[in-house]
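1. compute the structure for the input listed below.
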Amino acid sequence: MAKISKLETFSNAFVGFVRVTADDGSAGWGQLSTYNSDITAQVFHRQVAPWSLGRDMSDLELLVDEIPEREHKFPGSYLRRAMAGLDTAIWDWRGKQAGQPVAALIGGSAGELRAYASSMRRDITPSEEADRFRNLRETFGFEAFKFRVGAECGHDRDEWPGRTEEIIPAIRQALGPDVSLLVDGNSGFSPDRAIEVGAILEASAVEHFEEPCPYWEMEQTRQVTEALSLDVTGGEQDWDLQHWTRMIDMGAVNVVQPDILYMGGLTLTMRVAAMAAKAGLPCTPHCANLSMVTLFTMHLLRAITNAGKYLEFSIEGQDYYPWQQGLFVEDPYTIRDGKATVTDTPGWGVSISPEWLAKSQYQESEVA
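-> Numbering: from 1, shown residues only. This is a model prediction of the structure:
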């Protein structure tokens with residue numbers, strides 16, 4: 001079996017890529033988690049690469065357990081964000097060696113996925129948001145949409161007074177009864193206020209209420225879940241498998257939403273999806289930008305048995321996410337009739353732009 005001989009990172013403050021090279025010269029590409037990726041790259045070379053170099057590519061499933069044990073004094077998000085780069089690069093390598101997309105390696109196949117148009121904005125009026133959604137429906141065929149309510153970690157404050165009460169019925173009225181509507185609270189509400197908002201959501205047939213309470217207060221979220229009939233969802237920030245076990249066992253949410261890059265990669269995310277499946281819960285992962293995280297999620301959703309109803313697909317462009325421009329040679333994110341497509345190209349099916357790589361911060365670790 002091929003052994004890991006070199007690990008390279010290419011990063012800036014927003015996004016970072018990893019190239020894993022085997023001792024036979026074959027390579028695969030993955031991604032560190034977005035945001036402070038230049039810091040994550042340092043963690044990668046200091047705390048992930050030393051335990052990985054010289055190991056077989058087949059050892060990935062062992063490494064995702066061993067690295068946190070070796071680095072047990074540093075539990076937390078940065079280590080997992082760095083591990084994600086190793087994990088996703090090895091999966092790309094495996095796919096290329098097998099001549100198959102990653103989806104096929106984990107029990108799925110290439111093909112289409114229903115997507116929902118995911119708004120990231122709160123600085124937008126209800127009428128402006130409704131106009132955006134109508135245009136997206138006409139242009140790309142989306143039939144599901146997510147918008148924001150409350151204020152992020154808002155302690156029951158709204159982005160401005162009355163916005164939440166206004167935007168919920170406004171979006172439903174603008175789009176009609178046949179589209180699926182989702183909202184994201186981003187840890188904005190106390191249980192009592194979340195339940196009040198939930199009643200407004202139910203009156204407008206909104207089907208998904210994401211992270212209504214501070215995500216670290218699972219008991220608060222469970223109160224909301226127990227009080228409402230719509231799906232209460234969460235988990236995007238969570239990386240600890242023990243925390244996931246408790247969240248699922250206590251019934252804190254109806255739908256789990258791990259983020260592949262926050263979790264530490266595809267391997268660990270598949271474990272969360274399997275835990276949820278055993279409990280009868282669907283998995284609708286968080287993937288809120290158009291770096292590789294949405295592509296990783298597409299492959300996952302084509303394979304797991306408890307895939308949720310839709311793929312999150314960010315609708316924000318250069319004005320909101322200027323850093324996500326020019327990342328790839330190919331565009332992996334074409335939406336037709338409201339659907340994204342996993343191609344049958346081996347690995348993740350995408351190439352990182354040489355021009356982007358040339359402008360990035362470069363670091364390498366290799367076998368001595």
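2. the nearest residue to R55 once chain neighbours are set aside: neighbouring residues, count only.
-> In space, and not counting its chain neighbours, R55 is closest to I4: 5.5 Å by C-beta to C-beta, 6 or more residues apart in numbering. In short, each C-beta sits where N, CA and C put it, glycine included. The local packing of I4 (other C-beta atoms under 10 Å) involves 26 other residues.
3. surely I4 is in a strand?
-> Yes: assessed by DSSP: H, G, I helix; E, B strand; the rest coil, I4 belongs to a strand.
4. ok, it touching V20?
-> Yes: the criterion here is C-beta atoms under 8 Å, and I4 meets it with V20 at 6.0 Å.
5. now the common contact residues for the two.
-> Shared contacts of I4 and V20 (C-beta atoms under 8 Å, 6 or more residues apart in numbering): M57.
6. domains in this structure, by residue range?
-> Following automatic domain parsing, one finds the domains of the chain at 4-99+353-366, 104-342.
7. those domains into CSV, with extra columns for mean pLDDT?
-> CSV is the format used below for the domains of the chain (pLDDT from 0 to 100):
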stretch, mean pLDDT
domain 4-99+353-366, 98
domain 104-342, 98
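8. picking that back up, bridged to the residue nearest to R55, which residues?
-> I4 has these beta-bridge partners by DSSP bridges: A22.
9. who touches it in this structure?
-> So I4 contacts 20-23, 52-57, 367 (C-beta under 8 Å, 6+ apart).
10. now intersect the residues you listed with the strands, please.
-> Using DSSP state E, 20-22 are the members of the contacts of I4 that sit in strands.
11. roughly how far does the closest residue to A227 other than its chain neighbours sit from G154?
-> Nearest non-adjacent residue to A227, counting by C-beta to C-beta, 6+ apart: I195, 4.7 Å away. Applying C-beta to C-beta, to the nearest Å, the value for I195 to G154 is 16 Å.
12. next SSE downstream of the helix ranked longest in the chain?
-> In the chain, taking DSSP state H as the definition, the longest helix is helix 77-98. Sequence order places helix 102-105 as the next helix or strand after helix 77-98, per DSSP states H and E.
13. what packs against the next helix or strand after that following helix?
-> Using DSSP H and E, the helix or strand that follows helix 102-105 towards the C-terminus is strand 111-118. Counting contacts by 3 or more C-beta pairs under 8 Å, 6 or more residues apart in numbering; DSSP states H and E, strand 111-118 is packed against helix 126-140, strand 144-148, strand 311-314, strand 339-342.
14. can I get strand 111-118 as CSV, trimmed to CA atoms?
-> Output in CSV follows, covering the C-alpha atoms of strand 111-118 (Å, rounded to 0.1, in the frame of the first residue of the first chain):
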residue,chain,number,x,y,z
GLY,A,111,-26.0,11.7,-9.9
GLU,A,112,-28.3,14.6,-9.0
LEU,A,113,-29.3,16.1,-5.7
ARG,A,114,-32.1,18.5,-4.9
ALA,A,115,-30.7,21.7,-3.5
TYR,A,116,-32.1,24.5,-1.4
ALA,A,117,-31.0,28.1,-2.1
SER,A,118,-29.4,29.2,1.2
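15. that one pairs with which strands?
-> Strand 111-118 sits in its sheet next to strand 144-148 (parallel), strand 311-314 (parallel), strand 339-342 (antiparallel), going by DSSP bridges.
16. distance from the chain centre to the second one, please.
-> This points to strand 311-314. 9 Å (C-alpha atoms, centre = their mean, to the nearest Å).
17. which residues touch that strand?
-> Contact with strand 311-314 is made by 113-118, 120, 146, 284-290, 294, 297-298, 301, 321, 333, 335, 340, as judged by C-beta under 8 Å, 6+ apart.
18. with that, I have no additional questions.
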